[in-house]
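Undergrad: dropping the sequence and predicted coords here.
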Amino acid sequence: MAKNLLLVEHEPLSQARIREVINKYCPDWEVNGPVTSAEELQNSLLNPSIFDLIVCSIRFSDRLCFGAFEDLQIKIPIIFIADSDEHAFRAFDFPCVDYLLKPFSDERLVRAFEKYESFSSSANSKRSRVDSSGKSFENRPFKGYKKRFLTKSGSRLSFVPVENVAYFIAEEGITFLVESGSSQKFIVYHSLNELQSELLDPDKFYRINRSMIINLDNLIEMKPYHNGRLILSLNAKTEEIIVVARERVNEFKSWINQ
């Protein structure tokens, strides 16, 4: 399907390379630009609805691209291109489809386009869901849920596939991802509310209390706990007692029996 793409890149060689890949692998896409400064970017996005995708170099000669996206609250999918992973965490504060490091191969850029088309296809498909009150939602757009999370441990950045997540936990305003098996703990820059409402598949993940979301695939067993609660064992070592809040026990039991 034809797409309307905005190319944001100030380096002529990189501009030509991206256009060449698009012409070869996505010949029906229309490329607008190139945009070469933050001011041009803001002007180009005064009518953002005309663009389906933005391919954007993070650094201009005058400043970073993020300010323009923040000012205009852009929701268009973005493929970021950068010289280092310095700005990777901030990039994922926006609708980031992928984060490419220069120099990248043609195949790597094509994979980023394929990822965008996969997310776009998922967002446009429909499915019916039922909420906890039993109300059916027909024709609700299906979300492209996260497949991996960019995480930080010390100074190291890494990606953790969503299927390797045992649970998320919020502690003193910071959200951590705990990996199944290894029980390694990583910082993720998403709140539990954002994870629950936008990023995680509700068929796989459940918020058992105010501070924790668990992955059903990593649930080993559950036992009765005092005051009508449940205590859970997951495929990860933890110092925390993993407890389902009393007011969520009935819903949780229904959820795991779906």
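TA: Cool, got the structure. Everything quoted here is computed from the prediction, not taken from an experiment.
Undergrad: is it true that G67 lies in a helix?
TA: Yes - the assignment for G67 by DSSP: H, G, I helix; E, B strand; the rest coil puts it in a helix.
Undergrad: grab the nearest non-local neighbour of it.
TA: The shortest distance from G67 to any non-neighbouring residue, by CB to CB, 6 or more residues apart in numbering, is to A38 (6.4 Å). (C-beta placed from N, C-alpha, C; glycine too.)
Undergrad: could you do D93 as well?
TA: D93 sits nearest to Y189 (CB to CB, 6+ apart), 7.0 Å away.
Undergrad: how far away is that neighbour from A68?
TA: Distance of Y189 to A68, given as CB to CB, to the nearest Å: 20 Å.
Undergrad: contacting residues for the residue nearest to G67?
TA: Contact analysis of A38 by CB atoms under 8 Å, 6 or more residues apart in numbering lists F60, D62, R63, L64, C65, G67, A68.
Undergrad: ok, so of those residues, who is nearest I22?
TA: Distances from I22 to these, taken as CB to CB, are shortest for C65 (19.5 Å).
Undergrad: the closest one against C56, yeah?
TA: Yes - using CB atoms under 8 Å, C65 is in contact with C56, at 5.5 Å.
Undergrad: what sits in contact with each of the two?
TA: Contact criterion CB under 8 Å, 6+ apart; residues shared by C65 and C56: V8, L41.
Undergrad: strands of the stretch 1-150 of the chain, residue ranges please.
TA: In the stretch 1-150 of the chain, the strands defined using DSSP state E, counting those that start in this stretch lie at 4-8, 30-35, 53-57, 78-82, 96-101, 126-130, 136-141, 148-153.
Undergrad: and the ones you listed, which is most packed in?
TA: strand 53-57 (a mean of 26; mean count of other CB atoms under 10 Å).
Undergrad: between it and strand 30-35, how many degrees?
TA: Angle, strand 53-57 to strand 30-35, by axes from the mean of the first three to the mean of the last three CA atoms, to 10 degrees: 30 degrees.
Undergrad: shaky segments in the stretch 101-250 of the chain?
TA: 120-144 (pLDDT under 70).
Undergrad: the residue nearest to C26 when sequence neighbours are not counted and E179, how far apart?
TA: In this structure, C26 finds its nearest non-sequential neighbour in F113, 6.2 Å apart by CB to CB, 6+ apart. In this structure, F113 and E179 are 29 Å apart, going by CB to CB.
Undergrad: burial measure for the residue nearest to D93, as a count.
TA: By the criterion of other CB atoms under 10 Å, Y189 has 15 neighbours.
Undergrad: go on, E247?
TA: E247 is flanked by 10 other residues according to other CB under 10 Å.
Undergrad: ramachandran angles for it?
TA: Note on E247: backbone dihedrals following degrees, to the nearest 10 are phi -70, psi -10.
Undergrad: go on, the one 5 residues further on?
TA: Comment: the main-chain dihedrals of F252 come out as phi -60, psi -40, following degrees, to the nearest 10.
Undergrad: wait, isn't it in contact with I208?
TA: Yes - using CB under 8 Å, F252 and I208 qualify as a contacting pair, with a distance of 6.4 Å.
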